[in-house]
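Colleague: here is a sequence together with a model predicted from it:
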Amino acid sequence: MSTKTGSAPTRREQILREAARLFAERGFHGVGVDEIGAAVGISGPGLYRHFAGKDAMLAELLVGISERLHEGGRMRLEESAAAGLAPEAALDALIAGHIDFALDDRPLITLHDRELDRLRESDRKQVRKLQRQYVELWVDAVRALYPELTSLEARVAVHTVFGLLNSTPHLSGSSALPDRETTAALLHRLARGALAAAPAAAAPGAGADDGSASGSADSGSAPGSASGRRPGGAPAGADGTGPGTTGESAGKPAAGTSGQRS
């Protein structure tokens, strides 16, 4: 999991980063506390000074990335508005933030996809709430640039983009991705292209905007998160963050999260 630029990770952050990597590689039940401790150079029992157990780590990972995606997106939009930037620039800022998540926190996208149902109900609800809020930030930004879209159309477009961005865990081989800068630029172009196609794809005379739809799409980050179970993730229930999107989504897809695989 990413940390603030220029700052050394704390022991707690090191533990979470290694736990995310191991859980993503081998599954939550395939990893023991001793193995997580060994990965950061402490004993298994010593790890309990930082976390009550694996369940606590999983909750902090998935709730944490949903919080960071939502807060980061909100701050980007506020900064864009304060600077008087055009809607296009505000949307670009959101896309860039989610791409950072999709490239730097790929284990969290996988983790959200596979392990969200292992969280306590209260934590799952918190993740999905944050992911829905993250999606709505995007919906507002998309409609500011493309006002001809209804909220429902914009929401579908956002979930689609989360699914695209949160596909990075599937490109993890040494030759699967170009360098980071090139990959980020490519993902940005693809995301903008998908959103730009939405107005042209909207059927003429499409039905009136249904405001109630906003609660039906869980988003992502994420992880954030697209709809369904991944933070912005691909169809199967994702939201992005991806770390983008969320739980019960429009069309039942689950990232960051996209999705969010926000």
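Modeller: That came through, no problem. Residues are numbered from 1 along each chain as shown.

Colleague: switch to C-alpha atoms for all contacts and neighbour counts from now on
Modeller: Will do.

Colleague: any idea how far the longest helix along the chain is from the chain center?
Modeller: Criterion DSSP state H: the longest helix present in the chain is helix 54-82. Relative to the centre of its chain, helix 54-82 is centred 9 Å away, using CA atoms, centre = their mean, to the nearest Å.

Colleague: so which elements touch that helix?
Modeller: Packing partners of helix 54-82 (3 or more CA pairs under 8 Å, 6 or more residues apart in numbering; DSSP states H and E): helix 11-26, helix 87-104, helix 106-115, helix 121-145.

Colleague: quick one, the last one and helix 106-115 angle?
Modeller: Spelled out, it's helix 121-145. If you take axes from the mean of the first three to the mean of the last three CA atoms, to 10 degrees, helix 121-145 sits at 120 degrees to helix 106-115.

Colleague: buried stuff in helix 121-145?
Modeller: Buried residues in helix 121-145, counted by 16 or more other CA atoms under 10 Å: 123-124, 126-145.

Colleague: CA atoms only for the helix or strand following that helix, dumped as CSV, please.
Modeller: Downstream of helix 121-145, the first helix or strand assigned by DSSP states H and E is helix 151-165. Extracted C-alpha coordinates of helix 151-165, given in CSV (Å, rounded to 0.1, in the frame of the first residue of the first chain):
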residue,chain,number,x,y,z
SER,A,151,-27.1,10.6,-13.7
LEU,A,152,-27.7,7.0,-14.5
GLU,A,153,-25.8,7.2,-17.8
ALA,A,154,-22.9,8.9,-16.1
ARG,A,155,-22.9,6.4,-13.3
VAL,A,156,-22.7,3.5,-15.8
ALA,A,157,-19.9,5.2,-17.6
VAL,A,158,-18.0,5.7,-14.3
HIS,A,159,-18.3,2.1,-13.3
THR,A,160,-17.1,1.1,-16.7
VAL,A,161,-14.0,3.3,-16.3
PHE,A,162,-13.3,1.8,-12.9
GLY,A,163,-13.4,-1.6,-14.4
LEU,A,164,-10.9,-0.6,-17.0
LEU,A,165,-8.5,1.1,-14.5
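
Colleague: helix 151-165 vs helix 87-104, what angle?
Modeller: Orientation of helix 151-165 against helix 87-104 (the same axes, to 10 degrees) gives an angle of 40 degrees.

Colleague: let me see the contact set for residue 127.
Modeller: 62-63, 66-67, 246 (CA atoms under 8 Å, 6 or more residues apart in numbering).

Colleague: residue ranges with poor pLDDT in the stretch 101-250 of the chain?
Modeller: Along the stretch 101-250 of the chain, segments meeting pLDDT under 70 span 172-176, 201-250.

Colleague: any buried residues in the longest helix of the chain, and which?
Modeller: Neighbour-count burial for helix 54-82 flags 54, 57-63, 65-70, 72-74, 76-77, 80 (criterion: 16+ other CA under 10 Å).
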